[in-house]
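**Student:** The sequence isn't on hand, but the structure is:
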């Protein structure tokens, strides 16, 4: 590169003199000034951050943004607390009221509160280095969504049961299993001295003492679940599933007039009393189970029903049965369905 001529005055001789300088000199001066400025800026930044302990402008901005988002997440968590409390109240009402009324099994706690599998959103937050607070809030939100889904499904089931609420009245075992005036109550529900070995034992039903051959009737609409013939224990006995959590058990029968999976209605004769199985005398042992637990049948039996009304109910069922038997076989099957 050609040199550049510069004229400068000599202060001693007061004469102009030629001075040759490179063309790069101005650029070098600019570069030197720039590097010196950078060094000075770095020195000032080092002094500002290390010595004085101050934050950089970008750090201050990020901290402000982090504080703002942390505040928003805390507000979200307070709202989630409210939603969780409301959802817990719905779950309690569902278990203690709705599902209990319709005899539905409880939803296990492990199902309602099952841990949420890592979703795509949570995995994405974790992969992006999300904070622990953000991860915990995202997981909590997913857990509440899962609990809400379980509760929604439960309400759907309750709704289906509620649509059948009219049938529930006829399914609850509410009448006596034998004609009023044709028996004596020999043993109520509760603890008693065992009539065979004399030990104190829980009596899970009611005993209706009567001669063998006394008609036994279904106390509510349902489906025959079990028919068994035994020499010991309950002897010949029937279990009817009435739905809505209710079952009834008729034991020590002489004869049985129904078969398993057969539909019966309240007032249908299902057998005759006897003394089969482990007994000391002829009687009907009658049990009521609610959600597979023995309950006192006296709490359900309408002992004030007049004998005439009971006879009218039985005759009505007999007439309906005879009418069914008089129809063509295909029509009877269609009616039973």
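**Tutor:** Everything's here; your move. A quick note: this is a predicted structure, and the numbers were derived from the prediction, not measured.
**Student:** Now do the contacts for the residue nearest the centre of the chain.
**Tutor:** The centre of the chain sits closest to residue 107, judged by C-alpha atoms, centre = their mean, with a distance of 4.1 Å. With contacts defined as C-beta atoms under 8 Å, 6 or more residues apart in numbering, the neighbours of residue 107 are 94-95, 99, 150, 154. C-betas here are computed from N, CA, C, even on glycine.
**Student:** swap the cut-off to 7 Å and go again
**Tutor:** 150, 154 (C-beta atoms under 7 Å, 6 or more residues apart in numbering).
**Student:** same thing with the one 4 residues further on?
**Tutor:** The contact partners of residue 111, taken as C-beta under 7 Å, 6+ apart, are residue 150.
**Student:** and the gap between it and residue 152?
**Tutor:** Noted for residue 111: a distance of 13 Å to residue 152, by C-beta to C-beta, to the nearest Å.
**Student:** Please apply the same query to residue 74.
**Tutor:** Applying C-beta to C-beta, the value for residue 74 to residue 152 is 28 Å.
**Student:** Now the residue nearest to the centre of the chain: which helix or strand?
**Tutor:** Under the criterion DSSP states H and E, no helix or strand holds residue 107.
**Student:** again with the one 4 residues further on
**Tutor:** Secondary structure from DSSP H and E places residue 111 in helix 109-112.
**Student:** again, but for residue 277
**Tutor:** Going by DSSP H and E, residue 277 is not part of any helix or strand.
**Student:** Just the pLDDT for it.
**Tutor:** As predicted, residue 277 sits at a pLDDT of 90.
**Student:** Give me the phi and psi angles of the nearest residue to it once chain neighbours are set aside.
**Tutor:** The spatially closest residue to residue 277, leaving aside those adjacent along the chain, is residue 235, at 2.4 Å (C-beta to C-beta, 6 or more residues apart in numbering). Backbone torsions of residue 235, given as degrees, to the nearest 10, read phi 70, psi -140.
**Student:** again, but for residue 279
**Tutor:** Taking degrees, to the nearest 10 as the convention, residue 279 sits at phi -140, psi 160.
**Student:** so what's it up against?
**Tutor:** The contact partners of residue 279, by C-beta under 7 Å, 6+ apart, come to residue 252.
**Student:** Can you tell me how far it is from residue 192?
**Tutor:** For residue 279, the distance to residue 192 - C-beta to C-beta - is 15 Å.
**Student:** now swap in residue 137 and tell me
**Tutor:** Where residue 192 is concerned, residue 137 sits at a distance of 59 Å (C-beta to C-beta).
**Student:** ok, these two, which is more surrounded?
**Tutor:** Taking other C-beta atoms under 10 Å, residue 137 and residue 192 do not tie; residue 137 has more neighbours (18 against 13).
**Student:** pLDDT wise, what is that one at?
**Tutor:** pLDDT recorded at residue 137 is 83.
**Student:** hang on, isn't it packed against residue 73?
**Tutor:** Yes: between residue 137 and residue 73 there is a contact under C-beta atoms under 7 Å: 5.4 Å.
**Student:** Would you state the helices of the protein in chain order?
**Tutor:** All helices of the chain, identified by DSSP state H, fall at 25-46, 57-93, 99-101, 109-112, 120-127, 132-162, 165-171, 307-325, 329-336.
**Student:** domains of this structure?
**Tutor:** 4-51, 59-163, 170-336 (automatic domain parsing).
**Student:** ranking the ones you listed by burial, who's on top?
**Tutor:** Mean neighbour count (mean count of other C-beta atoms under 10 Å) peaks for domain 170-336 among these, with a mean of 16.
**Student:** mean confidence for the helix holding residue 111?
**Tutor:** 81.
**Student:** And stretch 81-97, by the same measure?
**Tutor:** Stretch 81-97 shows a mean pLDDT of 84.
**Student:** chain center to that stretch: distance?
**Tutor:** In this view, stretch 81-97 has its centroid 11 Å away from the chain centroid, taken as C-alpha atoms, centre = their mean, to the nearest Å.
**Student:** Show me the shaky parts of this structure.
**Tutor:** 1-7, 14, 16-25, 48, 52-56, 115-131, 164-166, 198, 325-337 (pLDDT under 70).
**Student:** repeat that for 50
**Tutor:** 1, 118, 121, 328-337 (pLDDT under 50).
**Student:** can you list contacts of the biggest strand by length in it?
**Tutor:** Longest strand of the chain, by residue count under DSSP state E: strand 246-256. With C-beta under 7 Å, 6+ apart as the contact definition, strand 246-256 has outside contacts at 103, 171-173, 177, 205, 212-213, 216, 219, 225, 227, 234-242, 270-277, 279, 283-290.
**Student:** so how far is it from its chain's centroid?
**Tutor:** For strand 246-256, the distance to the chain centre is 34 Å (C-alpha atoms, centre = their mean).
**Student:** Parallel or antiparallel, which strands does that strand pair with?
**Tutor:** If you go by DSSP bridges, strand 246-256 pairs up with strand 236-243 (antiparallel), strand 269-273 (antiparallel), strand 283-290 (antiparallel).
**Student:** out of those, nearest to residue 167?
**Tutor:** strand 236-243 (7.7 Å; C-beta to C-beta).
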